[in-house]
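In: from the sequence below, what's the structure:
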Amino acid sequence: MVIKIDTNSKEFKEEHAKTVAFTQKVCKQFGFVYNPEDEINESVTMGLTRNKMIYNKRYCPCFMVEGESEEERKSANNRICPCKPAMEVEIPNDGHCHCGIFCTLEYAKNHAAENEAVLISHTHSRGLTKEECQALLGAQSIDSDELVSLLEARELGMVDFILVDVREWMEYKDKRIQGTDFLVPTTSFYQALSQIDDKKEHNIVVYCFSGSRSAYCQQMMSSMGYKHVTNLGYGIVSYNGEVEQG
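Out: Here you go, the predicted model:
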């Protein structure tokens, strides 16, 4: 059965105000800050409010509430905000809880910088700052516009990173991204990787034709101790910057 809650009702609005006050108290008590994306905070507080009205507890809205009775829900170990996994694992390790509303100050600042860098990269309204460059290089993947902006910033001395092509030699000779530093073919990956064995602390961007091989290589490099490896999502096939041949 679908339980319908009227979010425009007086009851909901009053309970929502209490939930917002509750999340503010959690932030103050534990030194957290809200997510820089207001939509996330609004969505989570709305979900917490809904669960409070239905179950009389602020169960985490990102997980299914299990159990028909209060006793069953208690024994099912449902997450109640702020939940134990968030406090003990997610926030210390990831900088934010699973739902995203509670963040460390460092994560919030980096995430805000990353969002701004994405906007700047796609609008080209100005060049990237050093902070925005580092935010992009800290992401799991970037797109064509973001790599173009990073390469421009590298030319200006704003940031330093290594661009690695993991396709095969014949593909590299046919066409490669201008500014590529190393060719590390996937079929001879471990042998070719010795070229940058001493660069495990460097920022590295990897790319292939469509983003699949490079994502695999990214995982392998991370497991081998490379600290900052970012993948060009969708690969060179989506790249709209300068390329070279030969």
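In: what's the single longest helix in the chain?
Out: For the chain, the longest helix by residue count, based on DSSP state H, is helix 10-30.
In: what's the spacing between that helix and its chain's center?
Out: Helix 10-30 sits 26 Å away from the centroid of its parent chain (C-alpha atoms, centre = their mean, to the nearest Å).
In: so for that helix, mean pLDDT?
Out: Across helix 10-30, the average pLDDT comes to 96.
In: name the helices or strands packed onto it?
Out: Judged by 3 or more C-beta pairs under 8 Å, 6 or more residues apart in numbering; DSSP states H and E, the packing partners of helix 10-30 are strand 33-34, helix 38-55, strand 102-103. For glycine as for every other residue, the C-beta is placed from the backbone atoms N, C-alpha and C.
In: show the contacting residues for residue 69.
Out: If a contact means C-beta atoms under 8 Å, 6 or more residues apart in numbering, then residue 69 has no contacts.
In: how far away is it from residue 55?
Out: According to C-beta to C-beta, to the nearest Å, residue 69 stands 11 Å off from residue 55.
In: could you dump the least confident helix or strand in the chain by mean pLDDT to PDB, C-alpha only?
Out: Using mean pLDDT, DSSP states H and E, helix 105-123 stands out as the lowest-scoring helix or strand of the chain, at a mean of 85. Once non-C-alpha atoms are left out, helix 105-123 reads as follows in PDB (Å, rounded to 0.1, in the frame of the first residue of the first chain):
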ATOM      1  CA  LEU A 105      33.800  21.000   6.200                       C
ATOM      2  CA  GLU A 106      36.600  19.800   4.000                       C
ATOM      3  CA  TYR A 107      34.300  17.700   1.800                       C
ATOM      4  CA  ALA A 108      31.700  20.500   1.500                       C
ATOM      5  CA  LYS A 109      34.400  23.000   0.400                       C
ATOM      6  CA  ASN A 110      35.900  20.500  -2.100                       C
ATOM      7  CA  HIS A 111      32.400  19.500  -3.400                       C
ATOM      8  CA  ALA A 112      31.400  23.200  -3.900                       C
ATOM      9  CA  ALA A 113      34.700  23.800  -5.700                       C
ATOM     10  CA  GLU A 114      34.100  20.800  -8.000                       C
ATOM     11  CA  ASN A 115      30.600  22.000  -8.800                       C
ATOM     12  CA  GLU A 116      31.900  25.500  -9.700                       C
ATOM     13  CA  ALA A 117      34.700  23.900 -11.800                       C
ATOM     14  CA  VAL A 118      32.200  21.900 -13.700                       C
ATOM     15  CA  LEU A 119      30.100  25.000 -14.400                       C
ATOM     16  CA  ILE A 120      33.100  27.000 -15.500                       C
ATOM     17  CA  SER A 121      34.400  24.200 -17.700                       C
ATOM     18  CA  HIS A 122      31.100  23.900 -19.600                       C
ATOM     19  CA  THR A 123      30.500  27.700 -19.900                       C
END
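In: let me know the next secondary structure element after that helix.
Out: Remark: after helix 105-123, the chain's next helix or strand is helix 130-137, criterion DSSP states H and E.
In: that following helix: which residues count as buried?
Out: 132-137 (16 or more other C-beta atoms under 10 Å).
In: may I see the residues you listed organised as JSON lines, with pLDDT and distance to residue 19 added?
Out: Converted to JSON lines, the buried residues of helix 130-137 look like this (pLDDT from 0 to 100; distance: C-beta to C-beta, whole Å):
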{"residue": "132", "pLDDT": "92", "distance to residue 19": "33"}
{"residue": "133", "pLDDT": "93", "distance to residue 19": "37"}
{"residue": "134", "pLDDT": "93", "distance to residue 19": "35"}
{"residue": "135", "pLDDT": "91", "distance to residue 19": "30"}
{"residue": "136", "pLDDT": "93", "distance to residue 19": "34"}
{"residue": "137", "pLDDT": "95", "distance to residue 19": "36"}
